[in-house]
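# Requesting a structural model of the entry that follows:
(chains A and B)
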Amino acid sequence: MADISPVTRGRVKPQGSGRETTIWYLVRISGVALFVLALSHYIIQHFIFDPSQQTSEWIATHRWNQLIWRASDWALLMVVLLHSALGVRTVVRDYVHGPRARIITLSALYLLTALLFVLGTIVVATLQPRGGI
Amino acid sequence: MRRAPPIVVHWHGVLMRYLGLMRSYRGREGSWAWMFHRISGIAVWAFVVLHIIDIYLAGGDPHAYDDLLRFYASPVGRVMEILLGAALLYHALNGMRILIIDLWPAMTVHHRKLWWGSWIIFFCLGIPGAIIILRPYWKDAIDGVTGMLRITGVM
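Numbers count the residues shown, from 1 in each chain, chains lettered A, B, ... in the order given. Below is the predicted model:
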(Lines give C-alpha, C1' and ligand atoms only; values in the text may rest on other atoms or scores of the structure.)
Protein backbone atom coordinates (compact mmCIF):
# COMPACT_ATOMS: atom_id res chain seq x y z
CA MET A 1 0.00 0.00 0.00
CA ALA A 2 2.87 2.33 -0.78
CA ASP A 3 0.62 4.27 -3.14
CA ILE A 4 -1.29 5.96 -0.31
CA SER A 5 -0.44 9.51 0.74
CA PRO A 6 1.42 9.39 4.08
CA VAL A 7 -0.38 12.52 5.27
CA THR A 8 -4.01 12.47 4.20
CA ARG A 9 -4.33 8.78 3.40
CA GLY A 10 -5.98 9.32 0.05
CA ARG A 11 -4.74 7.15 -2.79
CA VAL A 12 -2.05 8.84 -4.85
CA LYS A 13 -2.93 9.15 -8.55
CA PRO A 14 -1.07 6.40 -10.46
CA GLN A 15 1.52 7.38 -13.06
CA GLY A 16 0.76 7.33 -16.78
CA SER A 17 -2.52 6.66 -18.55
CA GLY A 18 -2.95 2.95 -17.87
CA ARG A 19 -5.81 0.97 -16.34
CA GLU A 20 -5.01 1.98 -12.75
CA THR A 21 -5.21 5.68 -13.64
CA THR A 22 -8.57 5.16 -15.36
CA ILE A 23 -9.85 3.35 -12.25
CA TRP A 24 -8.53 6.16 -10.00
CA TYR A 25 -10.60 8.66 -12.00
CA LEU A 26 -13.68 6.40 -12.22
CA VAL A 27 -13.77 5.97 -8.42
CA ARG A 28 -13.69 9.74 -7.92
CA ILE A 29 -16.22 10.62 -10.64
CA SER A 30 -18.66 7.92 -9.48
CA GLY A 31 -18.06 9.08 -5.89
CA VAL A 32 -19.24 12.60 -6.75
CA ALA A 33 -22.30 11.16 -8.53
CA LEU A 34 -23.06 9.03 -5.44
CA PHE A 35 -22.73 12.05 -3.16
CA VAL A 36 -25.88 13.30 -4.91
CA LEU A 37 -27.65 10.04 -5.87
CA ALA A 38 -27.04 7.94 -2.74
CA LEU A 39 -27.57 10.70 -0.18
CA SER A 40 -30.76 11.91 -1.92
CA HIS A 41 -32.00 8.30 -2.07
CA TYR A 42 -31.41 7.95 1.70
CA ILE A 43 -33.18 11.28 2.38
CA ILE A 44 -36.19 10.24 0.26
CA GLN A 45 -36.50 6.75 1.82
CA HIS A 46 -35.93 7.69 5.47
CA PHE A 47 -36.81 11.36 5.96
CA ILE A 48 -39.48 12.20 3.34
CA PHE A 49 -41.07 8.73 3.55
CA ASP A 50 -40.85 6.16 6.35
CA PRO A 51 -40.02 2.43 6.13
CA SER A 52 -43.37 1.63 7.83
CA GLN A 53 -45.26 2.63 4.65
CA GLN A 54 -42.94 1.03 2.08
CA THR A 55 -44.73 -2.14 0.98
CA SER A 56 -44.05 -3.62 -2.47
CA GLU A 57 -47.47 -2.29 -3.56
CA TRP A 58 -46.51 1.22 -2.36
CA ILE A 59 -43.30 1.11 -4.42
CA ALA A 60 -45.21 0.05 -7.54
CA THR A 61 -47.97 2.65 -7.14
CA HIS A 62 -46.20 5.59 -5.46
CA ARG A 63 -42.41 5.50 -5.30
CA TRP A 64 -41.91 4.27 -8.87
CA ASN A 65 -45.06 5.85 -10.37
CA GLN A 66 -43.07 7.92 -12.87
CA LEU A 67 -40.28 7.03 -15.27
CA ILE A 68 -37.96 9.64 -13.72
CA TRP A 69 -37.93 7.81 -10.33
CA ARG A 70 -37.23 4.44 -11.96
CA ALA A 71 -34.52 6.05 -14.11
CA SER A 72 -32.84 7.77 -11.17
CA ASP A 73 -32.85 4.57 -9.08
CA TRP A 74 -31.49 2.63 -12.06
CA ALA A 75 -28.72 5.23 -12.43
CA LEU A 76 -27.98 4.85 -8.70
CA LEU A 77 -27.83 1.05 -9.17
CA MET A 78 -25.24 1.34 -11.95
CA VAL A 79 -23.08 3.97 -10.28
CA VAL A 80 -23.10 2.27 -6.86
CA LEU A 81 -22.16 -1.09 -8.42
CA LEU A 82 -19.29 0.53 -10.36
CA HIS A 83 -17.98 2.43 -7.32
CA SER A 84 -18.32 -0.49 -4.89
CA ALA A 85 -16.82 -3.06 -7.27
CA LEU A 86 -13.77 -0.83 -7.82
CA GLY A 87 -13.53 -0.10 -4.08
CA VAL A 88 -13.74 -3.76 -3.05
CA ARG A 89 -11.24 -4.57 -5.83
CA THR A 90 -8.77 -2.20 -4.10
CA VAL A 91 -9.42 -3.90 -0.75
CA VAL A 92 -8.90 -7.36 -2.31
CA ARG A 93 -5.63 -6.25 -3.91
CA ASP A 94 -4.43 -4.92 -0.52
CA TYR A 95 -5.02 -8.16 1.38
CA VAL A 96 -5.08 -11.04 -1.15
CA HIS A 97 -1.61 -11.60 -2.57
CA GLY A 98 -1.54 -15.09 -4.10
CA PRO A 99 -2.20 -14.82 -7.87
CA ARG A 100 -4.64 -17.75 -7.84
CA ALA A 101 -6.52 -16.54 -4.75
CA ARG A 102 -6.71 -13.05 -6.23
CA ILE A 103 -8.17 -14.28 -9.54
CA ILE A 104 -10.79 -16.35 -7.68
CA THR A 105 -11.74 -13.51 -5.29
CA LEU A 106 -11.95 -10.86 -8.00
CA SER A 107 -13.92 -13.17 -10.32
CA ALA A 108 -16.42 -13.79 -7.51
CA LEU A 109 -16.67 -10.02 -6.94
CA TYR A 110 -17.31 -9.25 -10.62
CA LEU A 111 -19.80 -12.13 -10.91
CA LEU A 112 -21.72 -10.90 -7.85
CA THR A 113 -21.71 -7.35 -9.25
CA ALA A 114 -23.09 -8.53 -12.61
CA LEU A 115 -25.77 -10.63 -10.86
CA LEU A 116 -26.85 -7.66 -8.71
CA PHE A 117 -27.03 -5.48 -11.83
CA VAL A 118 -29.33 -8.03 -13.50
CA LEU A 119 -31.59 -8.40 -10.40
CA GLY A 120 -31.87 -4.64 -9.88
CA THR A 121 -32.54 -3.97 -13.57
CA ILE A 122 -35.27 -6.66 -13.71
CA VAL A 123 -37.17 -5.25 -10.74
CA VAL A 124 -36.89 -1.56 -11.70
CA ALA A 125 -38.01 -2.33 -15.26
CA THR A 126 -40.84 -4.78 -14.51
CA LEU A 127 -42.38 -4.02 -11.08
CA GLN A 128 -46.14 -3.44 -11.57
CA PRO A 129 -49.00 -2.94 -9.08
CA ARG A 130 -50.52 -6.36 -8.35
CA GLY A 131 -53.88 -5.22 -9.69
CA GLY A 132 -52.16 -3.97 -12.88
CA ILE A 133 -52.20 -0.29 -13.84
CA MET B 1 30.16 5.50 20.78
CA ARG B 2 26.58 5.75 19.43
CA ARG B 3 23.81 5.39 21.95
CA ALA B 4 21.05 2.90 21.14
CA PRO B 5 17.80 4.60 20.10
CA PRO B 6 15.04 4.52 22.72
CA ILE B 7 12.38 1.87 22.24
CA VAL B 8 8.98 3.46 21.65
CA VAL B 9 5.84 1.35 21.38
CA HIS B 10 3.07 2.91 19.29
CA TRP B 11 0.08 1.10 20.80
CA HIS B 12 -2.38 2.49 18.28
CA GLY B 13 -0.13 1.18 15.52
CA VAL B 14 0.11 -2.24 17.19
CA LEU B 15 -3.68 -2.36 17.52
CA MET B 16 -4.17 -1.41 13.87
CA ARG B 17 -1.64 -3.98 12.75
CA TYR B 18 -3.33 -6.75 14.68
CA LEU B 19 -6.69 -5.70 13.33
CA GLY B 20 -5.09 -6.40 9.97
CA LEU B 21 -6.36 -3.05 8.73
CA MET B 22 -3.13 -1.16 8.26
CA ARG B 23 0.27 -2.13 6.98
CA SER B 24 2.08 1.19 6.95
CA TYR B 25 0.98 2.99 10.10
CA ARG B 26 2.04 6.63 10.27
CA GLY B 27 -0.48 7.83 12.78
CA ARG B 28 -2.79 10.75 13.50
CA GLU B 29 -5.88 11.92 11.64
CA GLY B 30 -5.01 10.60 8.18
CA SER B 31 -4.75 7.02 9.51
CA TRP B 32 -8.11 7.18 11.31
CA ALA B 33 -9.67 8.78 8.21
CA TRP B 34 -8.37 5.92 6.07
CA MET B 35 -9.48 3.19 8.52
CA PHE B 36 -13.01 4.63 8.91
CA HIS B 37 -13.25 5.10 5.15
CA ARG B 38 -12.45 1.45 4.54
CA ILE B 39 -14.77 0.10 7.27
CA SER B 40 -17.67 2.37 6.23
CA GLY B 41 -17.12 1.49 2.56
CA ILE B 42 -17.30 -2.26 3.24
CA ALA B 43 -20.37 -1.76 5.47
CA VAL B 44 -22.26 0.26 2.85
CA TRP B 45 -21.31 -2.28 0.17
CA ALA B 46 -22.68 -5.12 2.34
CA PHE B 47 -25.96 -3.23 2.70
CA VAL B 48 -26.11 -2.52 -1.05
CA VAL B 49 -25.82 -6.28 -1.72
CA LEU B 50 -28.67 -6.95 0.75
CA HIS B 51 -30.73 -4.02 -0.55
CA ILE B 52 -30.60 -5.02 -4.24
CA ILE B 53 -31.67 -8.55 -3.28
CA ASP B 54 -34.50 -7.23 -1.08
CA ILE B 55 -35.78 -4.79 -3.72
CA TYR B 56 -35.72 -7.66 -6.24
CA LEU B 57 -38.08 -9.48 -3.84
CA ALA B 58 -40.57 -6.57 -4.13
CA GLY B 59 -41.30 -8.05 -7.57
CA GLY B 60 -40.21 -11.68 -7.06
CA ASP B 61 -41.79 -12.39 -3.64
CA PRO B 62 -43.86 -9.39 -2.42
CA HIS B 63 -44.86 -11.06 0.88
CA ALA B 64 -41.23 -11.76 1.82
CA TYR B 65 -40.41 -8.15 0.93
CA ASP B 66 -43.23 -6.75 3.07
CA ASP B 67 -42.10 -8.93 6.01
CA LEU B 68 -38.53 -7.61 5.67
CA LEU B 69 -39.79 -4.01 5.51
CA ARG B 70 -41.67 -4.61 8.78
CA PHE B 71 -38.29 -5.47 10.29
CA TYR B 72 -36.73 -2.33 8.76
CA ALA B 73 -39.49 -0.27 10.46
CA SER B 74 -38.91 -1.95 13.88
CA PRO B 75 -36.75 -0.40 16.64
CA VAL B 76 -33.76 -2.66 15.82
CA GLY B 77 -34.21 -1.98 12.11
CA ARG B 78 -34.27 1.77 12.69
CA VAL B 79 -31.06 1.68 14.77
CA MET B 80 -29.41 -0.27 11.93
CA GLU B 81 -30.66 2.37 9.45
CA ILE B 82 -29.06 5.09 11.60
CA LEU B 83 -25.76 3.14 11.54
CA LEU B 84 -26.09 2.74 7.77
CA GLY B 85 -26.73 6.48 7.43
CA ALA B 86 -23.68 7.22 9.61
CA ALA B 87 -21.43 4.97 7.47
CA LEU B 88 -22.83 6.52 4.28
CA LEU B 89 -22.45 10.11 5.53
CA TYR B 90 -18.92 9.56 6.86
CA HIS B 91 -17.84 7.89 3.60
CA ALA B 92 -19.40 10.72 1.54
CA LEU B 93 -17.82 13.52 3.60
CA ASN B 94 -14.36 11.91 3.82
CA GLY B 95 -14.57 11.17 0.09
CA MET B 96 -15.09 14.90 -0.48
CA ARG B 97 -12.09 15.63 1.78
CA ILE B 98 -9.94 13.31 -0.37
CA LEU B 99 -11.28 14.87 -3.56
CA ILE B 100 -10.59 18.44 -2.36
CA ILE B 101 -6.96 17.50 -1.65
CA ASP B 102 -6.64 15.65 -5.01
CA LEU B 103 -7.95 18.62 -6.98
CA TRP B 104 -6.26 21.29 -4.88
CA PRO B 105 -2.95 19.90 -3.50
CA ALA B 106 -2.25 23.15 -1.58
CA MET B 107 -5.08 22.06 0.77
CA THR B 108 -2.85 19.22 2.02
CA VAL B 109 -1.45 21.53 4.72
CA HIS B 110 -5.04 21.97 6.00
CA HIS B 111 -5.95 18.27 5.88
CA ARG B 112 -6.47 18.09 9.68
CA LYS B 113 -8.89 21.03 9.57
CA LEU B 114 -10.75 19.33 6.72
CA TRP B 115 -10.93 16.13 8.80
CA TRP B 116 -12.33 17.88 11.91
CA GLY B 117 -14.60 20.00 9.69
CA SER B 118 -16.04 16.83 8.17
CA TRP B 119 -16.87 15.57 11.71
CA ILE B 120 -18.66 18.83 12.55
CA ILE B 121 -20.80 18.46 9.41
CA PHE B 122 -21.28 14.75 10.26
CA PHE B 123 -22.81 15.48 13.67
CA CYS B 124 -24.76 18.58 12.56
CA LEU B 125 -26.53 16.47 9.89
CA GLY B 126 -26.42 13.08 11.62
CA ILE B 127 -28.01 13.90 14.99
CA PRO B 128 -31.15 15.57 13.50
CA GLY B 129 -31.27 12.72 10.96
CA ALA B 130 -31.22 10.08 13.71
CA ILE B 131 -33.97 11.95 15.60
CA ILE B 132 -36.15 12.00 12.44
CA ILE B 133 -35.64 8.25 11.86
CA LEU B 134 -36.73 7.58 15.46
CA ARG B 135 -39.87 9.76 15.05
CA PRO B 136 -42.41 6.94 15.73
CA TYR B 137 -41.06 6.76 19.32
CA TRP B 138 -41.31 10.46 20.17
CA LYS B 139 -44.17 11.65 17.96
CA ASP B 140 -46.83 9.98 20.14
CA ALA B 141 -45.29 11.43 23.29
CA ILE B 142 -45.27 14.96 21.81
CA ASP B 143 -48.86 14.51 20.59
CA GLY B 144 -49.80 13.28 24.08
CA VAL B 145 -48.29 16.33 25.78
CA THR B 146 -49.83 18.84 23.33
CA GLY B 147 -53.21 17.04 23.61
CA MET B 148 -53.08 17.23 27.40
CA LEU B 149 -52.19 20.95 27.25
CA ARG B 150 -55.11 21.53 24.90
CA ILE B 151 -57.58 19.63 27.12
CA THR B 152 -56.50 21.53 30.23
CA GLY B 153 -56.80 24.83 28.35
CA VAL B 154 -53.11 25.77 28.60
CA MET B 155 -52.79 25.80 24.83
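# Show me what the lowest-mean-pLDDT helix or strand in chain A is packed up against.
Lowest on mean pLDDT, DSSP states H and E among the helices and strands of chain A sits helix A:56-58, with a mean of 93. Applying 3 or more CB pairs under 8 Å, 6 or more residues apart in numbering or on different chains; DSSP states H and E, one finds that helix A:56-58 makes contact with helix B:28-60, helix B:62-72. (Glycine included, C-beta is placed from N, CA and C.)
# can you rerun that using 6 Å?
The helices and strands touching helix A:56-58, judged by 3 or more CB pairs under 6 Å, 6 or more residues apart in numbering or on different chains; DSSP states H and E, number zero.
# what's the closest non-adjacent residue to the residue sitting nearest the centre point of chain A?
By CA atoms, centre = their mean, chain A has its centre lying nearest to A:Val80, at 1.4 Å. In this structure, A:Val80 finds its nearest non-sequential neighbour in B:Val48, 5.6 Å apart by CB to CB, 6 or more residues apart in numbering or on different chains.
# Tally up the residues packed near that neighbour, please.
Neighbourhood size, B:Val48 [other CB atoms under 10 Å in any protein chain shown]: 20.
# for the one 5 residues further on, same thing?
Using other CB under 10 Å, the number of residues around B:Ile53 comes to 16.
# ok, for it, nearest residue in space, not its chain neighbours?
If the residues on either side of it in the chain are set aside, B:Ile53 comes closest to A:Leu119, at 6.6 Å by CB to CB, 6+ apart.
# Quick one: name the residues of chain A near chain B.
Residues of chain A lying near chain B by CB under 6 Å from any CB of the partner chain: A:1, A:6-10, A:28, A:31, A:35, A:46-47, A:51-52, A:54-56, A:59, A:80, A:84, A:87, A:116, A:119-120, A:123, A:126-127.
# same thing but at 7 Å, please
Within chain A, the positions adjacent to chain B are A:1, A:4, A:6-10, A:28, A:31, A:35, A:38-39, A:42, A:46-47, A:51-52, A:54-56, A:59, A:80, A:84, A:87-88, A:91, A:116, A:119-120, A:122-123, A:126-127 by CB under 7 Å from any CB of the partner chain.
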